[in-house]
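1. okay, structure incoming, though there's no sequence with it:
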């Protein structure tokens, strides 16, 4: 667990959080802390608790009461958040978000991005879109190289196109961090590489990246900390070079995994 400054609360702090479903602990007394500016990958096989961890952060799941009556999870130092306010600080792109937006036959890319200001799916008649919002939407689309998708219906986009629009949506309110869940799922090799290069540009602009994945190839050069999850607990946590070893990953996935590094 990394120490954070006394003057700046951690981006994310989880303190002995347990999530139970059907009497089983999906996440079991899990503790971790991620500082702002600390690009981090959270890696684990299916069933390791990664999705539950994401749902904890996004407030879709809640932990059992802490044994010492302390908050089990704080984000930017706060344990109680209005979801609308949280989205302004933590942009989220997940499989659930992708599915929700790509099954809406009326929604075009530009409106999907603008809806990020209202934490909604699309624009409602009572939403007041200001010139500043329009400018921010154009800027976000340009950053992810998706300007040409502004007028395209979301349901007609390829997986890679929709993913870029949804990153623009997550960025439109200028959040301090991005939480990405399995970001290249459904992308071919070229689209995957292009998408990861987009994430590198975002990291270079000062946004903290938290990447949740089971694909080692998604771990960007900018990410220096890797957390391995297994059976709802932290299995290993530390610098990328020390954690991503043949021994650690073979034990994590329960099969022989050989790790090699090419350049970055």
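-> Sure, I can see it. Model, not experiment: these values are computed from the prediction. Residues are numbered from 1 along each chain as shown.
2. buried residues in the strand or helix carrying residue 242, which are they?
-> Assessed by DSSP states H and E, residue 242 sits inside helix 240-243. Neighbour counts using 16 or more other CB atoms under 10 Å place 240, 243 of helix 240-243 among the buried residues. C-beta coordinates here come from the backbone N, C-alpha and C atoms, glycine included.
3. and that helix, what does it pack onto?
-> With contacts defined as 3 or more CB pairs under 8 Å, 6 or more residues apart in numbering; DSSP states H and E, helix 240-243 has these neighbours: strand 225-230.
4. ok, residues contacting the strand it packs on?
-> Contact with strand 225-230 is made by 2, 32, 34, 38-45, 48-50, 53, 219, 234-240, 243-244, 248-249, 252, as judged by CB atoms under 8 Å, 6 or more residues apart in numbering.
5. quick one: mean pLDDT for it?
-> The predicted model assigns strand 225-230 a mean pLDDT of 95.
6. list the pairing partners of that strand within its sheet, with orientation.
-> strand 40-43 (parallel), strand 233-239 (antiparallel) (DSSP bridges).
7. before we move on, the earlier item: which among the contacts of strand 225-230 end up buried?
-> 32, 34, 38-45, 48-50, 53, 219, 234-237, 240, 243-244, 248-249, 252.
8. any regions of this protein where pLDDT drops low?
-> Within the chain, the set of residues satisfying pLDDT under 70 comprises 1-7, 264.
9. domain ranges for it?
-> For the chain, the domain assignment from automatic domain parsing gives the residue ranges 1-76+176-264, 101-174.
10. point out the most buried one among these.
-> Of all the domains of the chain, domain 101-174 has the most neighbours on average by mean count of other CB atoms under 10 Å, namely a mean of 18.
11. ends of that one, what's the gap?
-> 20 Å (CA to CA, to the nearest Å).
12. so how far is that domain off the chain centroid?
-> Distance of domain 101-174 from the chain centroid (CA atoms, centre = their mean, to the nearest Å) equals 18 Å.
13. just to revisit the earlier point, so for residue 94, which of the domains of the chain sits nearest?
-> domain 1-76+176-264 (3.9 Å; CB to CB).
14. residue boundaries of the strands in the stretch 151-264 of the chain?
-> 177-181, 208-213, 225-230, 233-239 (DSSP state E, counting those that start in this stretch).
15. angle of the first one against strand 208-213?
-> Counting by axes from the mean of the first three to the mean of the last three CA atoms, to 10 degrees, strand 177-181 lies at 10 degrees to strand 208-213.
16. report the central residue of this protein.
-> The C-alpha lying nearest the average C-alpha coordinate of the chain belongs to residue 179 (CA atoms, centre = their mean; 1.8 Å).
17. now that one: how far from residue 31?
-> Distance of residue 179 to residue 31, computed by CB to CB, to the nearest Å: 18 Å.
18. also residue 67?
-> 12 Å.
19. ditto for residue 235
-> 13 Å.
20. just give me the longest helix of this protein.
-> In the chain, assigned by DSSP state H, the helix with the most residues is helix 189-204.
21. sorry, back to before: what do residue 67 and residue 31 both touch?
-> Counting by CB under 8 Å, 6+ apart, the contacts common to residue 67 and residue 31 are residue 16.
22. off-centre distance for stretch 64-72?
-> A distance of 25 Å separates the centroid of the chain from that of stretch 64-72, by CA atoms, centre = their mean.
23. and it, end to end?
-> 8 Å.
24. one more: stretch 100-118?
-> Using CA to CA, the two ends of stretch 100-118 sit 16 Å apart.
25. mind listing the helices for the stretch 51-200 of the chain?
-> Under the criterion DSSP state H, counting those that start in this stretch, the stretch 51-200 of the chain contains helices at 83-89, 95-102, 109-114, 131-143, 159-171, 189-204.
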